[in-house]
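Student: sharing a sequence plus its predicted fold:
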Amino acid sequence: MKSTSKNKTNKINFDVYLDGIAYHCIKCGFCCDAPTVTKKDLAKIAGYLKIPLAEVFKKYVGFFNGYIGELKEVGGKCIFLDKKTKKCKIYDARPLICRLRPYSVQLRDGKLTLTYDIWFLRHCRGLYLGDDKVEDEYFKYAELVLKYLGFEESVDEEEFKKAKERLLEESLKYRKK
């Protein structure tokens, strides 16, 4: 499914490409790896935790190049993922890239497109076959990701085909139970 969407809050017309795959977060924590962060993300985390920005860098940042960085991981997961509850300890101040997940901003056929990130097509447990609209908030996050992090290369059509096959197979397994 390809469409062009614009709402009152976003200034950019994004094409939307979901190709019959829908999403609903099941809050499993599977995708909560060490996210890419901007300085603005880190300042927001510092404010949320009520600690100095320097302390956020020292305790929670794995690397930072002056423009973008990455949060530390613990056991292959984001340092802010609560292992027991599978919830983000800083959800209200979570990084921008986490807010956009499972989507990414890609350049497809010369147009900015909101579509699925390749990792999510391959692994996300919250994807299913169906047609849903992208919620308005994601367009706002897409604009910010584009502004601070840029766009990604287009995901190949074959990845969408493989994802649909995986989802159909999982759906059939579930129905047999």
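Tutor: Structure's in. What do you need? Residues are numbered from 1 along each chain as shown.
Student: residue 37 contacts residue 95, correct?
Tutor: Yes - assessed by Cβ atoms under 8 Å, residue 37 is found in contact with residue 95 at 4.8 Å. Yep, even glycine has a C-beta here, placed from its N, CA and C like the rest.
Student: let me see the contact set for residue 81.
Tutor: Residues near residue 81 by Cβ atoms under 8 Å, 6 or more residues apart in numbering: 29, 32, 74, 87, 88, 89.
Student: ok, what's across the strand from it?
Tutor: Under DSSP bridges, the beta-bridge partners of residue 81 are residue 88.
Student: for the record, mean pLDDT for the single longest helix found in the chain?
Tutor: Of all the segments of type helix in the chain, defined by DSSP state H, the longest one is helix 157-176. The average pLDDT within helix 157-176 is 85.
Student: that one: which residues count as buried?
Tutor: By neighbour count on 16 or more other Cβ atoms under 10 Å, the buried set for helix 157-176 is 160, 163, 164, 167.
Student: can you pull the pLDDT of the spatially most central residue of the chain?
Tutor: Closest residue to the average C-alpha location of the chain: residue 101 at 1.6 Å, with Cα atoms, centre = their mean. Looking at residue 101, its pLDDT reads 94.
Student: what sits against it?
Tutor: If a contact means Cβ under 8 Å, 6+ apart, then residue 101 has 31, 117, 120 as its contacts.
Student: just residue 44 next, same as before
Tutor: For residue 44, the contact set (Cβ under 8 Å, 6+ apart) comprises residue 93.
Student: measure it to residue 90 for me?
Tutor: Separation of residue 44 from residue 90 (Cβ to Cβ, to the nearest Å) stands at 9 Å.
Student: before we move on, what about residue 26?
Tutor: In this view, residue 26 and residue 90 are 20 Å apart by Cβ to Cβ.
Student: who's more crowded, the two?
Tutor: More crowded of residue 26 and residue 90, by other Cβ atoms under 10 Å: residue 90, with 19 against 13.
Student: ignoring the adjacent residues along the chain, who's closest to the more buried one?
Tutor: For residue 90, ignoring the flanking residues on the chain, the nearest one in space by Cβ to Cβ, 6 or more residues apart in numbering is residue 80 at 4.9 Å.
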